[in-house]
Structure formats: C-alpha cells, structure tokens
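Visitor: coordinates only, sequence not included:
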C-alpha cells in the first residue's frame with residue numbers, strides 16, 4: 001500500500017511540475033533573473049506548495065499516528081551546521097546555473113536530452129559521494 005501511495009504522490013508531483021512549466025529550465029532561470037525579464041510564475045508555484053505543506057503539517061500535528069507508517073518522520077533538529085549550509089549553497093548554485101533541481105531533472109529525462117542526462121548523472125554522483133563520505137565518517141577509526 002505504501003508503494004502505491006508513493007507512486008500516486010510521485011505522479012501528482014510530476015504532473016504539477018509539468019502543468020506549471022517548472023520542468024522548463026528557462027522558466028526557472030526567468031524567475032531568477034530579477035534584473036532582466038523577470039517571470040514570477042515560480043513564485044506562485046512555491047506559494048501553492050507552501051500552502052499545501054502547511055496544511056499537511058497542521059493535519060500531522062492533530063493526528064495520533066500516520067495511516068501507513070508506525071510514526072511520523074518530522075525533523076527535530078533546528079540547528080544549522082556546515083554540512084547543511086554547504087549543501088544548500090551547492091543546490092542553489094546548481095539551480096541558478098542550470099535552472100533544474102532534482103524533481104524537474106528526473107522528469108526531464110523523458111525528453112531524451114543529453115544535457116539533462118549529464119546533469120542527472122552528476123547529481124547521482126554527488127549523492128553517491130555524499131553517502132560514501134557520510135558512511136566513512138560514521139565508521140570507527142582503527143587505533
């Protein structure tokens with residue numbers, strides 16, 4: 001059941017990206033070009049996403065337990081560390097240079113573009129590198 005719900009959520013998310021035009025990197029770059037021909041479309045998409053998320057958090061706080069899991073997975077950390085800030089900077093720089101973030105990049109794979117494939121390969125390599133370095137830090141060091 002969880003897999004089916006995850007599939008439906010992914011399809012709805014992908015459809016929302018496609019309908020809103022957020023799979024088009026030029027649209028995102030137009031939003032980031034505040035000194036040029038600014039396109040505010042992404043602002044409305046983000047606002048709608050924030051509203052849906054806020055409603056979801058209110059519903060979670062009022063519920064005793066989730067329907068399809070043992071417990072809610074709500075982040076408890078509130079501090080900022082170098083890893084979080086560094087990741088946010090890398091994400092923002094990549095997003096600003098290319099106009100893609102992970103969701104639209106994966107959705108754009110269906111177009112068969114070599115540039116998108118290179119972007120996704122680099123993104124996956126970065127994810128793998130992060131996992132390897134995180135695992136290495138977690139392993140005990142020999143004396």
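Guide: It's in. These numbers come from a predicted model, not from an experiment. Numbers count the residues shown, from 1 in each chain.
Visitor: Now do the buried residues in the top helix by length along the chain.
Guide: When the chain is parsed with DSSP state H, its longest helix is helix 114-138. Judged by neighbour count (16 or more other Cβ atoms under 10 Å), helix 114-138 contains these buried residues: 116, 119-120, 123. To be clear about C-beta, it is placed using only N, CA and C from the backbone, and glycine gets the same treatment.
Visitor: Now do stretch 59-73: distance to the chain's middle.
Guide: Taking Cα atoms, centre = their mean, to the nearest Å, the mean C-alpha location of stretch 59-73 is offset from the chain mean by 22 Å.
Visitor: Now do the buried residues in it.
Guide: Across stretch 59-73, burial judged by 16+ other Cβ under 10 Å covers no residue at all.
Visitor: Can you list the neighbours in contact with that stretch?
Guide: The contact list for stretch 59-73, computed with Cβ atoms under 8 Å, 6 or more residues apart in numbering, reads 1-2, 5, 74.
Visitor: Kindly report the same for stretch 82-92.
Guide: When contacts are defined by Cβ under 8 Å, 6+ apart, stretch 82-92 is touched by residues 101, 126.
Visitor: redo that, cut-off 10 Å
Guide: 32, 77, 80-81, 101-102, 126, 130, 133-134, 137 (Cβ atoms under 10 Å, 6 or more residues apart in numbering).
Visitor: Looking at the residues you listed, which one is closest to residue 13?
Guide: residue 102 (11.2 Å; Cβ to Cβ).
Visitor: any idea which of the contacts of stretch 59-73 has the most stuff around it?
Guide: residue 5 (11 neighbours; other Cβ atoms under 10 Å).
Visitor: Chain neighbours aside, what residue packs nearest to that residue?
Guide: Distance criterion Cβ to Cβ, 6 or more residues apart in numbering; nearest residue to residue 5, sequence neighbours excluded, is residue 68 at 6.1 Å.
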